[in-house]
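J.: I need the structure of the sequence given here:
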Amino acid sequence: MNLENVISPTNVAILGASNRKGSVSNAVTLNILRSGFTGKVYPVNPSSDEVLGLKCYESILDIKNVIDLAVIITPSRVVPQVMEECGKKGVKGAVIISAGFKESGEEGKLLEEQVASIAKRYDVRLIGPNCVGIINTSPNISLNASFTKGMPRHGNIALVSQSGAICGAMLEYAKVKNIGFSKVFSLGNKADVNENDILEMLADDASTKVILMYIEDLVDGRRFIEIASDITGEKEEKKPILAMKVGESPVGAKAIVSHTGALAGSEEAYNAIFAQAGVLKVETLEELFDYAIAFAHQPIPVGEGTVVVSNAGGPAVIVADAAARYDLKLARLDESTISKLVNTLPKTASLINPIDIIGDADHIRYENTLRVALKDPNVNSCIVVVTPPVMLNVQAVAEAMTRINKEFPEKTILSSIMGLTGYEDALKILDENKIPQYAFPESAVRTLAAMQMYGSWVRRPRTGIRLFDVNREIVRNVFSKVRQEGRNYVYETEAMHVLEAYGFPVPKSMIAISEDECAKVAEGIGYPVVLKISSPDIVHKVDVGGVELNLRNAQEVREAFRRIMQNVKHKMANARIIGINVQEFLKNGKETIIGMKRDKQFGPLLMFGLGGIYVGIFKDVSFRLAPIKELSAYNMIESTKASKLLSGVRGEKPSDINSIVECLQRLSQLVTDFPEIQELDVNPLLVFEQEKGCKAVDARIVIS
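T.: Residues are numbered from 1 along each chain as shown. Take a look at the predicted model:
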């Protein structure tokens, strides 16, 4: 059953409705009546004959009409009985505002499971429990089934919040900012309906242009990626999703468990999910609203290239610094544009973007400059910065911006009038004409950078999940042998066989158990070679002196063998030694790492970053959930600082990034095919010059 009857009901039964002032049930009942709800309202309370002037029913079963939505505000202990009656009545949806469920402990958890089971048996869609309620501001419905303070302004932003308190606070803040909402959902404990169900409904909701989310946990990360990426990047009417994820600190995660009984999940997993879904993650509520206003009122930039127009040099410098910090691309103005500006502006003006039209600028100079700049083919967006000297008519500047906004409807325009008081008329003009205004220019820059990022997501090339011809039987046999021997650690040589079976390029290598055998194997492989200790107890071989590089003859091999064995005996005397891995020595490659850890909530989480000994020092890594598409693999690389190194610096030739992308896709297939793999590292994955590929030099696998 869809959620249409829940959010757009023709009637509402309020179970637990009350005349008692100051009670939650009274507040909810008042809100429903005062919001101008267009349907019928049926209070239900066995202790009352009437509530707020309406006839009150002893049970929902006593109501003659079919009920679309039941709003339940009874003590938690009677909710199962109430839900049973709702089911028998044929109620289509229910919102349980009552608390005292899984957030309160084991007894509450069992009670919640009982309620959810009853709802499922009767096919009743259930929002909550432990929530603030739901709101639909559409004039055709006008429903405020919540205990928030009054009806929000009607608008095109949907709000989905797991926290009821945050939901209420955000609605209050929105009133001050004149932000309107289409629909509001407080999800609470998510016993049935979760964020994915709401997103599916909002995907085709014509009244919603932007979706805001306050997230404590996700029920199903893979489904979230599928639904959210469709909304943000695939549907004809694309909608940005702005999400604030909390509980990323240990203290925050612990607070979440006691708040809604949710599991917070790993920060890396959530960052990966948002990146793959095209969801813009925000760090603060301030950011959330800054972005929301712009996305709701201005077009998405059709390309990179921002022009900044300011009447002072100081703010222009602040904007330039912020643009570099937030990766906002400032446009390189066309020569014809600069020529026109020369004829428009005083000689003391700065024509290099950001454009400084100097302190004596009036509204006419602002308007003329903006018109010239926005006609530039390299400009797709604009930030207008105004420092208000006493002689400037700021209201006239706002009116000029409004004219420019109408003249260039396809270009994104944000403003920053740097002052908090005295310019109310100007701010009102901007608000009425949908031009977002920010008191601080850095906020405007950060917001526009987010809009540019979303625009890039919308315009991204589409790629699929690539599957390779692999040998699964070899991998099954390796893992079977590991289990039979009572271990979960896959020896390095076995791990390399697993990688080979999935088409990873690996160096020539062989295990030797004596000095003589090492020399013999080295002769067969060909010099130079590398010797590495092979032990299930030694993870970081370099730390125990277990690696010798660039050995060019048999004598060096023998000496290296003795040094390694002596080092290991001294530093890890009890380590089990399988032997020495003799491997061809590879030169002139850059060390990267690819890997996977299986997240308890979301499954295989792929990793890419700078490898070798540097991975633990710099921690320059990125993550995505497997399986990944080709574009996601490229994005993993591009989102690390290592990407600049791989692209070629100071005259170096670029590295073979395509080969890393292929290895990431092969890794994605491997860990998807074999869910028993709990951890996997290929470190280093040595990457050579463009067209020369890469090789998996060392591998570590742990299975369940």
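J.: Might you report the residue contacts of residue 429?
T.: 395, 398-399, 402 (Cβ atoms under 8 Å, 6 or more residues apart in numbering). From N, CA and C alone the C-beta is placed, and that goes for glycine too.
J.: go with 6 Å
T.: Going by Cβ atoms under 6 Å, 6 or more residues apart in numbering, residue 429 touches residue 398.
J.: any idea how far it is from residue 417?
T.: 11 Å (Cβ to Cβ, to the nearest Å).
J.: got it, and residue 277?
T.: 35 Å.
J.: Helix, strand or coil: sort out the closest residue to residue 554 other than its chain neighbours for me.
T.: Distances taken as Cβ to Cβ, 6 or more residues apart in numbering put residue 519 closest to residue 554, at 4.3 Å, once the chain neighbours are dropped. Three-state assignment for residue 519 (DSSP: H, G, I helix; E, B strand; the rest coil): helix.
J.: Residue 519: how many residues sit nearby?
T.: For residue 519, the count of nearby residues is 20 (other Cβ atoms under 10 Å).
J.: dump the residue contacts of residue 426.
T.: Contacts of residue 426 (Cβ under 6 Å, 6+ apart): 394-395, 398.
J.: Could you report the pLDDT at it?
T.: Listed pLDDT for residue 426 reads 95.
J.: Pull out the buried positions in the strand or helix carrying it.
T.: If you go by DSSP states H and E, residue 426 is part of helix 424-432. Within helix 424-432, the residues that count as buried by 16 or more other Cβ atoms under 10 Å are 426-427, 429-431.
J.: and if you look at stretch 324-343?
T.: 326, 328-331, 333, 337, 340-341.
J.: gap between the residue nearest the centre of the chain and residue 159?
T.: The residue lying closest to the centre of the chain (Cα atoms, centre = their mean) is residue 274, at 2.4 Å. Relative to residue 159, residue 274 is positioned 18 Å away (Cβ to Cβ).
J.: for residue 400, same thing?
T.: Distance, residue 400 to residue 159, using Cβ to Cβ: 33 Å.
J.: and what of residue 181?
T.: Counting by Cβ to Cβ - residue 181 and residue 159 are separated by 6 Å.
J.: quick one: low-confidence parts of the stretch 601-704 of the chain?
T.: Scanning the stretch 601-704 of the chain with the threshold set as pLDDT under 70 gives 613-614, 616-618.
J.: Helices along that one, start to end?
T.: 615-618, 630-638, 642-646, 657-673 (DSSP state H, counting those that start in this stretch).
J.: Adding mean neighbour count and distance to residue 318, write those helices out as CSV.
T.: As requested, those are exported to CSV (neighbours: other Cβ atoms under 10 Å; distance: least, Cβ to Cβ, whole Å):
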stretch, mean neighbour count, distance to residue 318
helix 615-618, 13, 30
helix 630-638, 20, 28
helix 642-646, 19, 26
helix 657-673, 22, 35
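J.: Go through the one helix or strand residue 570 maps to and flag the buried ones.
T.: In the assignment (DSSP H and E), residue 570 maps to helix 554-571. Buried positions in helix 554-571, judged by neighbour count with 16+ other Cβ under 10 Å: 554, 556-558, 560-561, 564-565, 567-568.
J.: Correct me if wrong, but residue 196 is in a strand.
T.: No - per three-state DSSP, residue 196 lies outside any strand segment and is helix.
J.: Spatially nearest residue to it, not counting backbone neighbours?
T.: Excluding the flanking residues, the one nearest residue 196 by Cβ to Cβ, 6+ apart is residue 223, at 5.0 Å.
J.: in this protein, which helix or strand is least confident?
T.: Ranked by mean pLDDT, DSSP states H and E, the weakest helix or strand in the chain is helix 250-260, scoring a mean of 47.
J.: Quick one: list the elements packing against the helix or strand that that one is followed by.
T.: Using DSSP H and E, the helix or strand that follows helix 250-260 towards the C-terminus is helix 267-277. If contacts are counted by 3 or more Cβ pairs under 6 Å, 6 or more residues apart in numbering; DSSP states H and E, helix 267-277 sits against helix 221-229, strand 621-625.
J.: Figure out which of these is closest to residue 447.
T.: Shortest distance between residue 447 and those, using Cβ to Cβ, is found for helix 221-229: 20.5 Å.
J.: which other residues reach that closest one?
T.: Counting by Cβ under 6 Å, 6+ apart, 196, 199-200, 218, 241, 273, 276-279, 602 sit against helix 221-229.
J.: same check, this time on stretch 651-660
T.: Stretch 651-660 is contacted from outside by 590, 646-648, 687-690, 692-694, using Cβ under 6 Å, 6+ apart.
J.: So which of the residues you listed sit within strands?
T.: 590, 687, 694 (DSSP state E).
J.: Bridged to the second one, which residues?
T.: With DSSP bridges as the criterion, the beta-bridge partners of residue 687 are residue 590, residue 694.
J.: Now do the same contact list for it.
T.: So residue 687 contacts 589-590, 592, 655-656, 660, 694 (Cβ under 6 Å, 6+ apart).
J.: hmm, which of those are the buried ones?
T.: 589-590, 592, 655-656, 660, 694.
J.: Return the closest of the residues you listed with respect to residue 135.
T.: Using Cβ to Cβ, the shortest approach to residue 135 within the buried ones among the contacts of residue 687 belongs to residue 660, at 47.5 Å.
J.: returning to what we had before: what is the nearest of the contacts of residue 426 to residue 55?
T.: Set against residue 55, the nearest of those by Cβ to Cβ is residue 398 (52.6 Å).
J.: what helices or strands is the helix or strand encompassing the closest one leaning on?
T.: Assigning secondary structure by DSSP H and E places residue 398 in helix 394-407. Where contact means 3+ Cβ pairs under 6 Å, 6+ apart, helix 394-407 is packed against helix 363-374, helix 424-432.
J.: which stretch in the ones you listed is the model least sure about?
T.: Lowest mean pLDDT within the helices and strands packed on helix 394-407: helix 424-432, at a mean of 94.
J.: can I see the domain layout of this protein?
T.: 1-130, 152-292, 298-459, 508-584, 590-703 (automatic domain parsing).
J.: before we move on, the earlier item: any idea how far the residue nearest to residue 196 lies from residue 82?
T.: As judged by Cβ to Cβ, residue 223 and residue 82 stand 30 Å apart.
J.: thinking again about what came up before, go through the helices and strands packed on helix 267-277 and pick out the most buried.
T.: Comparing the helices and strands packed on helix 267-277 by mean neighbour count (mean count of other Cβ atoms under 10 Å), strand 621-625 comes out on top with a mean of 23.
J.: Show residues contacting that strand.
T.: With Cβ under 6 Å, 6+ apart as the test, strand 621-625 has contacts from 268, 272, 276, 602, 605-609, 632, 636, 639-640.
J.: hmm, try it at 8 Å
T.: With contact meaning Cβ under 8 Å, 6+ apart, strand 621-625 is reached by 221-222, 225, 268-269, 271-273, 275-276, 593, 599, 602-610, 615, 632-633, 635-637, 639-640.
J.: Send me it as CSV with only the CA atoms.
T.: Extracted in CSV, the C-alpha atoms of strand 621-625 (Å, rounded to 0.1, in the frame of the first residue of the first chain):
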residue,chain,number,x,y,z
VAL,A,621,41.4,7.3,1.3
SER,A,622,37.9,7.2,-0.1
PHE,A,623,35.1,4.7,0.1
ARG,A,624,32.2,3.3,-1.9
LEU,A,625,29.7,0.5,-1.4
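J.: Direction included, what does that strand pair up with?
T.: Strand 621-625 pairs in its sheet with strand 603-610 (antiparallel), by DSSP bridges.
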